[in-house]
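Engineer: Sequence plus the predicted model coming up.
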Amino acid sequence: MPRRKTSLKRNRADRKKRLHNLKIKQQLKKTIKKFQALLSAKKVDEAKIAIKEVFSRLDKAAKKKIIHLNTADRKKSRLSRRLKRAA
């Protein structure tokens, strides 16, 4: 357990930041699953609309350094490839 006030404050800030990042990651996973469910149900038109939201969330998470930029790009590439195959 840290003793210094700055260490205690840093722990509090880290906890807050971790919860915030988890929330954003959970929302991201939820939108990706929604998109994949649309593809599984052969609803290509709705999936094309949903992929825009997925891309937006991936870009925002990468911009805020919640996920790595290359990870976001890789996910976008794979999801768009799946959409192209379905269409």
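Structural biologist: Now that the structure is in, tell me what you want to look at. Residues are numbered from 1 along each chain as shown.

Engineer: CA only for contacts and neighbour counts going forward, please
Structural biologist: OK.

Engineer: Counting neighbours, what do you get for residue 56?
Structural biologist: Using other C-alpha atoms under 10 Å, the number of residues around residue 56 comes to 13.

Engineer: what does the helix or strand hosting it rub up against?
Structural biologist: Here residue 56 sits within helix 44-63, counting by DSSP states H and E. Helix 44-63 is touched from outside by 24-25, 28, 31-32, 34-35, 38-39, 67-69, 72, 76, 79-80, 83, 86-87, with contacts defined as C-alpha atoms under 8 Å, 6 or more residues apart in numbering.

Engineer: The next helix or strand after that helix versus helix 44-63: what angle between them?
Structural biologist: Downstream of helix 44-63, the first helix or strand assigned by DSSP H and E is helix 69-86. Using axes from the mean of the first three to the mean of the last three C-alpha atoms, to 10 degrees, the inter-axis angle of helix 69-86 relative to helix 44-63 is 170 degrees.

Engineer: for helix 69-86, what is the average pLDDT?
Structural biologist: The average pLDDT within helix 69-86 is 97.

Engineer: residues of it that come out buried?
Structural biologist: Residues of helix 69-86 classed as buried: 69, 72, 76, 79, 83 (neighbour count, 16 or more other C-alpha atoms under 10 Å).

Engineer: helices or strands up against the lengthiest helix in the chain?
Structural biologist: Secondary structure assigned by DSSP state H gives helix 5-40 as the longest helix of the chain. Counting contacts by 3 or more C-alpha pairs under 8 Å, 6 or more residues apart in numbering; DSSP states H and E, helix 5-40 packs against helix 44-63.

Engineer: Name the nearest residue to the residue most central in space within the chain, ignoring sequence neighbours.
Structural biologist: Centre of the chain computed as the mean C-alpha position; nearest residue by C-alpha atoms, centre = their mean is residue 28, 3.2 Å away. Take residue 28 and drop its neighbours on the chain: the residue closest to it by C-alpha to C-alpha, 6 or more residues apart in numbering is residue 57, 6.1 Å away.
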